[in-house]
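Give me a model of this one.
(one chain, ligands or ions: 2)
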Amino acid sequence: MYAIKTYNVISNVGLAVFPKDQYVINGEQEPDALLIRSQNLHRGVLPVSLLAIGRAGAGVNNIPLDKASENGVVVFNAPGANANAVKELVIAILIMAARPILPAINWTKSLTNGDAADVTLQAEAGKNHYRGTELAGKTLGVIGLGAVGSKVADMAHQMGMNVIGYDPYISVEHAWQVQSDIPRADSLKEVLEASDYVTIHIPYNERNKNLIGAEELLMMKKGAVLLNYSRNGIVEETAVMAALNVGQLDQYWTDFASDALIKHDKVVVTPHLGGTTKEAEDNCAQMVATTLRKYLETGEIEHSVNYPDVRMPFNSPYRLTLLHQNVPNMVGRVATILADLNINIANMINASRGDFAYTLIDVDQMDDELYHKFEEKCLSIDEMIRVRGIRNAKFNG
Ligand SMILES: NC(=O)c1ccc[n+]([C@@H]2O[C@H](COP(=O)([O-])OP(=O)(O)OC[C@H]3O[C@@H](n4cnc5c(N)ncnc54)[C@H](O)[C@@H]3O)[C@@H](O)[C@H]2O)c1
Ligand SMILES: O=C(O)CC[C@@H](O)C(=O)O
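Ligands and ions are numbered 1, 2, ... in the order given. Sure thing, here's the model as predicted:
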């Protein structure tokens, strides 16, 4: 039985991916895998039993990736699975930033002391206080043109906005998703200077920490609007409030609450709602549960953020999986161990990603005693991190 431990609310559609006769969810056993959303794993230790972590979402800044890699824990996310939900929310926020919909609704609700006709008259008389502007013809700068940013850019473009994108690290896949008539800025400065509205869709990491600070806010048009539906650490909070106080920035909309931000008049905070739709929660949980299950049962890696993606049809009775550092001659050394044990290789694949690498070896014969000898010899190699043997369920019985 495999043991899965969950944190946060994980959709049942995702949990249903794990057959009850093979998986225990939140039982007593030490976990083989964690399935999480925003749970902060930096604070605890990773259990020794842990083989994998599945993040039912896009951002992985709540996971200690270096520690996971060094311990041979493969981390998966659900790329793009909640992008449509974030896009729809960001478009709604753009509209609410241009039109004072929330204060207008609250004011209308407050109309009292009159008969029906009086309320209608008051509403008509007061509506000019809630005059807005239109998005069509205004310029939207989109920082990050990945799964979310590319969708936001396209939708805003369709709504008549002039969209300018900025993403110096864009993948080929996402580059194809952005309409070719959406211009790309060559620098952050260029996109900030050009835009009436700026929306950020990038991961939080060391490089992007405080990407938007006092200097960048000064590059923006006076009275521009900033949206942050990515992560709080990307925008420097004190700088943003200072820019709001002097009118350099007109409004700041963010999905990430903090004590200071929620008290500021020109900041509107939603409670990390970007991916909170039924569809997105189902998509994320299903995608990551499927990749976790595949990894546990076949060793194949898909959508990992710390180890290379590796696929190999599992057509032998037994598979050996080896997570190791990316150093020369690992495959040679493992092949020698197998040869010394008189085990024939049926199929093999090796791939690397940065400092780490992964090797899958299929063999036709294996028993517990032989496996233990193999494992012991492999783990005596300094750069070997984790060795695992998987029996192919198709050959059982
Ligand atoms: N509010 C929410 O609930 C919610 C939901 C989904 C994602 N997110 C956040 O949004 C981020 C983006 O999500 P995604 O699904 O689009 O991810 P993604 O990986 O598909 O896209 C991120 C893009 O940002 C680009 N990028 C990285 N650093 C950049 C920089 N300094 N300048 C410009 N571009 C840069 C990358 O090249 C990539 O194309 C996630 O990492 C997550 O933190 C939040
Ligand atoms: O799980 C959530 O609700 C948030 C997901 C979001 O932050 C993400 O990075 O995908």
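
And the helix or strand that contains L35, what does it pack against?
Assessed by DSSP states H and E, L35 sits inside strand 33-36. Contacts defined by 3 or more Cβ pairs under 8 Å, 6 or more residues apart in numbering; DSSP states H and E place strand 33-36 against strand 2-6, strand 52-55, helix 278-298. Bear in mind the C-beta positions are built from the backbone N, C-alpha and C, glycine included.

Of all the ones you listed, which one comes closest to Q179?
helix 278-298 (23.1 Å; Cβ to Cβ).

any idea how far F76 is from G149?
Counting by Cβ to Cβ, to the nearest Å, the gap from F76 to G149 is 22 Å.

If you could redo that for K278, that was the one I meant.
Distance from K278 to G149, by Cβ to Cβ: 23 Å.

Next up, the contacts around whatever residue of the stretch 101-250 of the chain ends up closest to ligand 2.
Residue nearest to ligand 2 within the stretch 101-250 of the chain: R231 (7.7 Å; Cβ to the nearest ligand atom). R231 makes contact with G59, N61, P203, Y204, F256 under the criterion Cβ atoms under 8 Å, 6 or more residues apart in numbering.

For it, what are phi and psi?
Phi and psi for R231, reported as degrees, to the nearest 10, are phi -160, psi 150.

what does the model give it for pLDDT?
If you check R231, the pLDDT there is 98.

just to revisit the earlier point, considering only the contacts of R231, which also neighbour ligand 1?
Contacts with ligand 1 within the contacts of R231, as defined by Cβ under 6 Å from any ligand atom: G59, P203, Y204.

what about the strand holding L35, distance to the chain center?
Here strand 33-36 is found 14 Å from its chain centre; the criterion is Cα atoms, centre = their mean, to the nearest Å.

hmm, that strand in reach of ligand 2?
No - using Cβ under 6 Å from any ligand atom, we find that strand 33-36 stays clear of ligand 2, coming within 8.6 Å at best.

Indicate the residue of this protein located nearest to ligand 1.
Taking Cβ to the nearest ligand atom, the chain has G146 as its residue nearest ligand 1, at 1.7 Å.

That residue: neighbouring residues, count only.
22 (other Cβ atoms under 10 Å).

And for P103?
Applying the criterion other Cβ under 10 Å, we find 11 residues in the vicinity of P103.

what residues are up against it?
Counting by Cβ under 8 Å, 6+ apart, P103 makes contact with Y130.

sec struct for it, please.
Of the three states, P103 takes helix under DSSP: H, G, I helix; E, B strand; the rest coil.

Show the pLDDT at it.
You'll see P103 listed with a pLDDT of 95.

any idea which element the closest residue to S195 other than its chain neighbours lies in?
Leaving aside its chain neighbours, S195 sits nearest to G141 (3.3 Å; criterion: Cβ to Cβ, 6 or more residues apart in numbering). According to DSSP H and E, G141 maps onto strand 139-143.

After that strand, which helix or strand is next?
Next along from strand 139-143, by DSSP H and E: helix 147-158.

Quick one: mean pLDDT for that next one?
Helix 147-158 shows a mean pLDDT of 97 in the predicted model.

just stretch 55-71 next, same as before
Per-residue scores along stretch 55-71 average to 98.

about what we covered before: which residue packs closest to the residue of the chain closest to ligand 1, ignoring adjacent ones?
Nearest residue to G146, sequence neighbours excluded (Cβ to Cβ, 6+ apart): H174, at 5.3 Å.

Contact partners for the one you found?
L145, G146, A147, S150, D167.

that older thread, contacting residues for the residue nearest to S195?
So G141 contacts V163, I164, G165, Y166, A185, V191, L192, A194, S195, Y197, V198, T199 (Cβ under 8 Å, 6+ apart).

Neighbour count and secondary structure added to these, as a markdown table?
Listed next are the contacts of G141 as a markdown table, based on neighbours: other Cβ atoms under 10 Å; DSSP: H, G, I helix; E, B strand; the rest coil:
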| residue | neighbour count | secondary structure |
| --- | --- | --- |
| V163 | 26 | strand |
| I164 | 22 | strand |
| G165 | 24 | strand |
| Y166 | 26 | strand |
| A185 | 20 | coil |
| V191 | 24 | helix |
| L192 | 24 | helix |
| A194 | 19 | helix |
| S195 | 27 | coil |
| Y197 | 26 | strand |
| V198 | 27 | strand |
| T199 | 27 | strand |
